[in-house]
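Visitor: sequence plus predicted model, see below.
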Amino acid sequence: MINARTLAFQVLLHMEQKVAYPDRLIRSTLARHELLEDRERALLTELVYGVLRRQGWLDWHIDRLSRIRPDRILPPVRILLRLALYQIFFLDRVPPHAAVNEAVKMAQATQPRYIWGFVNALLREAIRRGDNWDRPSPEKDPVEYLAFETSHPAWFADRCIRELGFEEARDLCMADNTVAPVVLRVNPLKTTAAEVMKILEQSGIDFEPSPWVPGAVRVSGMRQDLTRMPMFKDGLVQVQDEASQLVSTVVAPRPGERVLDLCAGFGGKSTHLGLIMANAGEIVAVEKHAWKVEELRENAARQGLTVVHPVARDALEVDEGEIGLFDRVLLDAPCSGLGTLRRNPDIKWRLHVKDPYRFSRLQGQLLERALRFVRPSGVMVYATCTLFSEENEDVVSRFVQAHADWEFESVEEFLPENCRALVQGTFLRSWPHRHGIDGFFIARLRRSR
């Protein structure tokens, strides 16, 4: 019978072979195996996210135990080893010998015979060593130590130390390995936060009001797929982190206005803008990927929104003659995503040290495109879910310096009173380790003519 370990192996191998969202892979896997017991479903999620969060740490141990060169360990074998070592070192409820036996069985089912003994010997040696390892030292090499201990790429650890100092860099990297809360954005067209919390209480789900966004609700201890619950299917709630919700708050659209979401994705912010506008006006949501456009449409329909109009185009190719001018434009720019590692731990293993610079070039191009759509005296909001100034302050500062008819507006007056701690100068800056929400940057700009 198929179990959580086998399914976790399949999900992780799929992610090794192509870029994919782990939450969506897990959800589709569980949908195909509806008879899987609740504890196995929970274990699948724990194994996938646990291995992704601790991948660097696990690989360090694999490389030191391997009798063959690390670069000759094939991806399926390395994933088997990661899964077993994660259970051995991090899961008390899984006996070490059971993790070894399961890994060997999976190797026997998927790998040549000579791999079976390799997997068995490596894992048993790991158990024998226990905590007896010559691990990196913070005194000798702070970068290597931080990269190892918190399981981040060395380039990321080095940059965090240089920009934040060692202590805060460690706090940030440790926060990246925590489980982020699930945050529900309540749909005021259909319900209230009080009603949603009543439903959660009746369902036996732990919750608390968001400390940052009025009306949002944090939930924990979920034992079921939220997207299959009636309150989600009926459009009463949308999953969206508080920092992401604050982007639309800073856009501050009014009912009846024309608003452009230039990089709309799945429509989380597009639909939030529609709710703020009380479903009155027009929101044009540009997204180049057809499958995301389809989900965007479904998302808007589920929430009862008729003002959101998707446009399947590349943001760098659409022009004002095609879609017109707008009162407000949101550029939720493609970025390195380093502010969302709690939710997307796979990102850190896909990125290269030069990727923040590469994204900053694209972001500059998108700003130049976005300005075409803003009416005189109109507003543009630039947002990212990443951490470093290279993709944030530097990008918008270059833009304002190059365009005399644009100026910054402080985001402060558009935020809830309790969010003032997130304001840095005229911008919003949130950090996982400081604020317990995703790392976001938000700038608001106005066109003077």
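Guide: Structure's in. What do you need? Just so we're clear, the structure is a prediction, and the values are computed from it rather than from any experiment.

Visitor: flag every buried residue along stretch 25-36.
Guide: Across stretch 25-36, burial judged by 16 or more other Cβ atoms under 10 Å covers 25, 26, 29, 30, 36. Quick note: C-beta positions are derived from backbone N, CA and C, even for glycine.

Visitor: in a markdown table: the residues you listed, plus secondary structure.
Guide: Below are the buried residues of stretch 25-36 laid out as a markdown table (DSSP: H, G, I helix; E, B strand; the rest coil):
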| residue | secondary structure |
| --- | --- |
| 25 | helix |
| 26 | helix |
| 29 | helix |
| 30 | helix |
| 36 | coil |
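
Visitor: can I get those in JSON lines with distance to residue 260 and pLDDT?
Guide: What follows is the buried residues of stretch 25-36, written out as JSON lines (distance: Cβ to Cβ, whole Å; pLDDT from 0 to 100):
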{"residue": "25", "distance to residue 260": "32", "pLDDT": "94"}
{"residue": "26", "distance to residue 260": "33", "pLDDT": "94"}
{"residue": "29", "distance to residue 260": "36", "pLDDT": "94"}
{"residue": "30", "distance to residue 260": "36", "pLDDT": "92"}
{"residue": "36", "distance to residue 260": "43", "pLDDT": "88"}
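
Visitor: which member of those is positioned nearest residue 369?
Guide: Proximity of the buried residues of stretch 25-36 to residue 369 was ranked by Cβ to Cβ; the top entry is residue 25 with 32.4 Å.

Visitor: looks like the closest one contacts residue 15 (just checking).
Guide: Yes - with contact defined as Cβ atoms under 8 Å, residue 25 counts as touching residue 15 (6.9 Å).

Visitor: now the nearest residue to residue 242 once chain neighbours are set aside: how far from residue 79?
Guide: The shortest distance from residue 242 to any non-neighbouring residue, by Cβ to Cβ, 6 or more residues apart in numbering, is to residue 212 (4.3 Å). Note on residue 212: its distance to residue 79, by Cβ to Cβ, to the nearest Å, is 37 Å.

Visitor: dump the longest strand anywhere in the chain to PDB, restricted to CA.
Guide: In the chain, taking DSSP state E as the definition, the longest strand is strand 374-384. The C-alpha trace of strand 374-384 is given here as PDB (Å, rounded to 0.1, in the frame of the first residue of the first chain):
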ATOM      1  CA  VAL A 374      -1.100  55.900 -15.300                       C
ATOM      2  CA  ARG A 375      -3.400  58.900 -15.800                       C
ATOM      3  CA  PRO A 376      -2.100  62.400 -14.900                       C
ATOM      4  CA  SER A 377      -2.200  62.700 -11.100                       C
ATOM      5  CA  GLY A 378      -2.600  58.900 -11.000                       C
ATOM      6  CA  VAL A 379      -1.000  56.500  -8.500                       C
ATOM      7  CA  MET A 380       1.400  53.600  -9.100                       C
ATOM      8  CA  VAL A 381       2.300  51.100  -6.400                       C
ATOM      9  CA  TYR A 382       5.400  49.000  -6.700                       C
ATOM     10  CA  ALA A 383       5.700  45.800  -4.600                       C
ATOM     11  CA  THR A 384       7.900  42.800  -4.200                       C
END
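
Visitor: and it, which residues are buried?
Guide: By 16+ other Cβ under 10 Å, the buried positions in strand 374-384 come out as 374, 378, 379, 380, 381, 382, 383, 384.

Visitor: which of these sit farthest apart?
Guide: Applying Cβ to Cβ across these, the maximum distance is between 378 and 384, 20.8 Å.

Visitor: what's the pLDDT at residue 66?
Guide: We have a pLDDT of 94 for residue 66.

Visitor: one step back: tell me how far the longest strand of the chain lies from the chain's centre.
Guide: Strand 374-384 sits 25 Å away from the centroid of its parent chain (Cα atoms, centre = their mean, to the nearest Å).

Visitor: check which element follows that strand along the chain.
Guide: Downstream of strand 374-384, the next assigned helix or strand under DSSP states H and E is helix 393-402.

Visitor: now the angle from that next one to strand 374-384?
Guide: 160 degrees (axes from the mean of the first three to the mean of the last three Cα atoms, to 10 degrees).

Visitor: flag every buried residue along helix 393-402.
Guide: Here helix 393-402 shows 393, 395, 396, 399 as buried, counting by 16+ other Cβ under 10 Å.

Visitor: out of those, who's nearest residue 362?
Guide: residue 395 (9.7 Å).

Visitor: wait, doesn't that closest one sit right on residue 388?
Guide: No - using Cβ under 8 Å, residue 395 makes no contact with residue 388, being 10.7 Å away.

Visitor: can you map out the strands along the stretch 201-350 of the chain?
Guide: For the stretch 201-350 of the chain, strands defined by DSSP state E, counting those that start in this stretch occupy the ranges 206-209, 217-220, 237-239, 258-261, 282-286, 308-311, 326-332.

Visitor: quick one: the third one to chain centroid distance?
Guide: So that's strand 237-239. Distance, stretch centre to chain centre, for strand 237-239: 15 Å (Cα atoms, centre = their mean).

Visitor: and that strand, what does it pack onto?
Guide: Other helices and strands packing on strand 237-239, by 3 or more Cβ pairs under 8 Å, 6 or more residues apart in numbering; DSSP states H and E, are strand 182-186, helix 230-233, helix 268-276.

Visitor: most tightly packed of those?
Guide: helix 268-276 (a mean of 25; mean count of other Cβ atoms under 10 Å).

Visitor: can you list contacts of it?
Guide: Outside helix 268-276, the residues that touch it by Cβ atoms under 8 Å, 6 or more residues apart in numbering are 185, 187-189, 238, 240, 244-245, 247-249, 251-253, 259, 261, 264, 283, 285, 296, 299-300, 303, 305, 307-308, 330, 332.

Visitor: of the residues you listed, buried ones?
Guide: Of the contacts of helix 268-276, these count as buried by 16+ other Cβ under 10 Å: 185, 187, 238, 240, 244-245, 247-249, 251-253, 259, 261, 264, 283, 285, 296, 299-300, 303, 305, 307-308, 330, 332.

Visitor: give me the number of residues near residue 162?
Guide: The number of residues packed near residue 162 is 11, by other Cβ atoms under 10 Å.

Visitor: actually residue 166, not the one I wrote
Guide: 16.

Visitor: how about low-confidence regions in the chain?
Guide: 1, 223 (pLDDT under 70).

Visitor: in this structure residue 343 contacts residue 239, no?
Guide: No - the criterion here is Cβ under 8 Å, and residue 343 misses it with residue 239 at 10.1 Å.

Visitor: neighbour count winner among these two?
Guide: residue 343 (21 against 15).

Visitor: what helix or strand is the closest residue to that one other than its chain neighbours on?
Guide: Once flanking residues are discounted, residue 343 sits nearest to residue 180: 5.1 Å by Cβ to Cβ, 6+ apart. Using DSSP H and E, residue 180 falls within no helix or strand.
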